[in-house]
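Student: With the input below, show me the fold.
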Amino acid sequence: MSGALALRAGVVWVARERRAGHVRAYDLDGRPVSGELVVPPLQTTRTHITGLAVDADRRLLVADAAASSVRIYSAFGVEQPQGFAGSSAHLDSHGQLGVPVDVAVDGVESDTRVLIASDGERRHALHVCDRSGAWRESLRPLGDPMGVFHHLRKVGLRDRLIVALESGKQRVQVFRDGEFHFAFHVPAARGRPQQPVAVEPLLDGRYLVLLRGEQHSSLVLVDRGGTVQRLLSQESEIDAAVDLVVEEGANERASRIAVLDRDGDRVQVWTLHGTCLGEFVDLT
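Tutor: Purely as a prediction, here's the structure:
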């Protein structure tokens, strides 16, 4: 399983891996709108892109786990010097990233917030930074100052809400205004063993969760209390799920969800009503 997605202003960025990372932008009909951006290995033999985000200035933030850093590229594809460098995975303290595995971004100009998740069993695994790279806060797991996160995998950031998916516990922790709010588990769709692989918060306080199983994957809408509201995908519509992103519109029909599946080979576009509008697989 490899790859990551980002979505802004009707453009979806798709990251795939070979020895180097490759990122390309498409419109939601699957037409390329940029050339391919190559993210070369950084002091390692290969690039390992596990997270992707795009800010209001179209800067691309790339979580490169192999380089233990979040690398930043301008809208013109030039790598910037002010990325977020990781540190030793064994050094667990405020401001120390460890091994970043995902990144999310929200806001504009001086109000920009960058959310960075790190792997491992760490107290300081979820950091909020500003645009310049200065640390704002380290969020407390389950609200416990002595607690630890268990292998964060994906994060989401929208308005007052932050969500963090722990693969080690198969649960989602929700933070509001920087404070722990609650946590929830997503039951497997149709009773089949499935694991959450991506989560996104919505402005109205609901959540989208992508589940992956050995046979089938599922896209699930969760209500404000952490209970499944409805299953958006039908059986066999999503296969070998990897990542999801959402761009909200004026209503559920106007909102767009991009789902990366088939182990990174296909992108599907969905509405919040559970309608798949199409797919594209030409990602070479």
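Student: mind listing the helices for the stretch 101-250 of the chain?
Tutor: Taking DSSP state H, counting those that start in this stretch, the stretch 101-250 of the chain contains no helices at all.
Student: low-confidence ranges in it?
Tutor: 188-191 (pLDDT under 70).
Student: Break down it into its strands, ranges please.
Tutor: Ranges of strands in the stretch 101-250 of the chain, per DSSP state E, counting those that start in this stretch, are 113-118, 121-122, 126-130, 135-138, 149-150, 152-158, 161-166, 171-176, 179-184, 194-201, 207-213, 217-222, 228-231, 243-247.
Student: Show me the strands paired with the fifth one, marking each as parallel or antiparallel.
Tutor: Each strand paired with strand 149-150, and its direction, by DSSP bridges: strand 121-122 (antiparallel).
Student: Residues contacting stretch 257-264, please?
Tutor: 1-5, 7, 12, 14, 16-17, 28, 208, 210, 217, 219, 232, 238-246, 266-272, 281, 283 (C-beta atoms under 8 Å, 6 or more residues apart in numbering). In short, each C-beta sits where N, CA and C put it, glycine included.
Student: Pull out the buried residues from that stretch.
Tutor: 257-262, 264 (16 or more other C-beta atoms under 10 Å).
Student: JSON lines for the residues you listed, including distance to S69 and pLDDT?
Tutor: Formatted as JSON lines, the buried residues of stretch 257-264 follow (distance: C-beta to C-beta, whole Å; pLDDT from 0 to 100):
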{"residue": "I257", "distance to S69": "29", "pLDDT": "98"}
{"residue": "A258", "distance to S69": "25", "pLDDT": "98"}
{"residue": "V259", "distance to S69": "27", "pLDDT": "98"}
{"residue": "L260", "distance to S69": "22", "pLDDT": "97"}
{"residue": "D261", "distance to S69": "27", "pLDDT": "96"}
{"residue": "R262", "distance to S69": "28", "pLDDT": "94"}
{"residue": "G264", "distance to S69": "21", "pLDDT": "92"}
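Student: could the strands of the stretch 101-250 of the chain go into TSV alongside distance to G86 and mean neighbour count?
Tutor: TSV is the format used below for the strands of the stretch 101-250 of the chain (distance: least, C-beta to C-beta, whole Å; neighbours: other C-beta atoms under 10 Å):
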stretch	distance to G86	mean neighbour count
strand 113-118	7	25
strand 121-122	12	20
strand 126-130	11	20
strand 135-138	13	14
strand 149-150	15	20
strand 152-158	13	24
strand 161-166	17	24
strand 171-176	21	21
strand 179-184	24	15
strand 194-201	21	23
strand 207-213	26	24
strand 217-222	30	23
strand 228-231	35	14
strand 243-247	21	23
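Student: Generate JSON lines for the ones you listed, with distance to P32 as supplementary columns.
Tutor: Output for these, formatted as JSON lines (distance: least, C-beta to C-beta, whole Å):
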{"stretch": "strand 113-118", "distance to P32": "27"}
{"stretch": "strand 121-122", "distance to P32": "38"}
{"stretch": "strand 126-130", "distance to P32": "31"}
{"stretch": "strand 135-138", "distance to P32": "36"}
{"stretch": "strand 149-150", "distance to P32": "37"}
{"stretch": "strand 152-158", "distance to P32": "25"}
{"stretch": "strand 161-166", "distance to P32": "30"}
{"stretch": "strand 171-176", "distance to P32": "33"}
{"stretch": "strand 179-184", "distance to P32": "37"}
{"stretch": "strand 194-201", "distance to P32": "23"}
{"stretch": "strand 207-213", "distance to P32": "24"}
{"stretch": "strand 217-222", "distance to P32": "25"}
{"stretch": "strand 228-231", "distance to P32": "32"}
{"stretch": "strand 243-247", "distance to P32": "18"}
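Student: still on that earlier bit, in PyMOL, how would I select the buried members of the contacts of stretch 257-264?
Tutor: In PyMOL, a selection of the buried entries from these looks like this (16+ other C-beta under 10 Å):
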select buried, resi 2+3+4+5+7+12+14+16+17+28+208+210+217+219+232+238+239+240+241+242+243+244+245+246+266+267+268+269+270+271+272+283
